[in-house]
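In: For reference, the sequence and a predicted model appear below.
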Amino acid sequence: MPYKFTFDLSKLPRFFFSEIAIMSYQKGMHKTFLNTLKGIIKRFKIQEATGLNLSDAVVLLQDLIDLQGINLTQRNKFLKTKKRALFLPHCSRKFMDNRCQAVFDPSIPSYTCKHCSRDCLVSKANRLAKNKGYDIYVVPGGSCVPTIVKKSRYEGAIGIACGEEMKLSGNVLGSMEVAGQAIPLIKNGCANTVFNIETLQKTL
Ligand code: SF4
Ligand code: SF4
């Protein structure tokens, strides 16, 4: 399920994401959490940079903070896992039409990247994860993730998607005792979406 709004945080300084990580540590302890959140939105000019209204910007940042918090609590468990999968969103492919040479297998369902473009994010992520021994899936939606994880008995999973999608599959994976790590998209829109490849490298 996509957000009802589009956003692009890819031009924001890395410092913004460090602030989000710090917020996830403080959440729950901070009496003025919402005010601090609004302060970040103002300081980093999120509304000007994205065109979002304040309430949508709060929803977006709240999701980023929640996901970061889940990552922190799951990290040690995730590091102990041996059999892992990486789930990439199909919307981060360089091409969404037949210029993308990936082969789709509806029985999984997943695309297999054929590396037609070296600057494609999905191709780059594929190479990184393969070197680390991950099985890789390029999925058309988050709803198929729990089925794939269950079928192949993965102990750990990294998912890349927008926050809404992530929350849907993350809740199910949590109930299956699978250690998850989430990497939220920093630009959504269901085509030409962007995630941070350095964040993926660190998470792998
Ligand atoms: S590099 Fe892979 S995912 Fe990207 S457009 Fe080519 S085949 Fe598709
Ligand atoms: S932006 Fe990508 S991950 Fe999010 S809903 Fe659209 S297709 Fe799915």
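Out: Okay, I see it. Ligands and ions are numbered 1, 2, ... in the order given.
In: Outside of stretch 109-118 itself, list whatever touches it.
Out: 90, 93-95, 99-105, 120, 122-124, 126-127, 136-140, 144, 148 (Cβ atoms under 8 Å, 6 or more residues apart in numbering). Where you see a C-beta, it was placed from the backbone N, CA and C, and this is true even at glycine.
In: check contacts around the residue nearest to residue 132 when sequence neighbours are not counted.
Out: Nearest in space to residue 132, with sequence neighbours left out and distances taken as Cβ to Cβ, 6 or more residues apart in numbering, is residue 204 at 4.9 Å. By Cβ under 8 Å, 6+ apart, the contact list for residue 204 reads 86, 128, 129, 132, 134, 158.
In: In helices only, show me the residues you listed.
Out: The helices, defined by DSSP state H, take in 128, 129 from the contacts of residue 204.
In: Among the contacts of residue 204, name the buried ones.
Out: 86, 128, 129, 134, 158 (16 or more other Cβ atoms under 10 Å).
In: Now render those as a markdown table, adding pLDDT and distance to residue 55.
Out: Formatted as a markdown table, the buried ones among the contacts of residue 204 follow (pLDDT from 0 to 100; distance: Cβ to Cβ, whole Å):
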| residue | pLDDT | distance to residue 55 |
| --- | --- | --- |
| 86 | 97 | 33 |
| 128 | 96 | 36 |
| 129 | 97 | 36 |
| 134 | 97 | 37 |
| 158 | 95 | 30 |
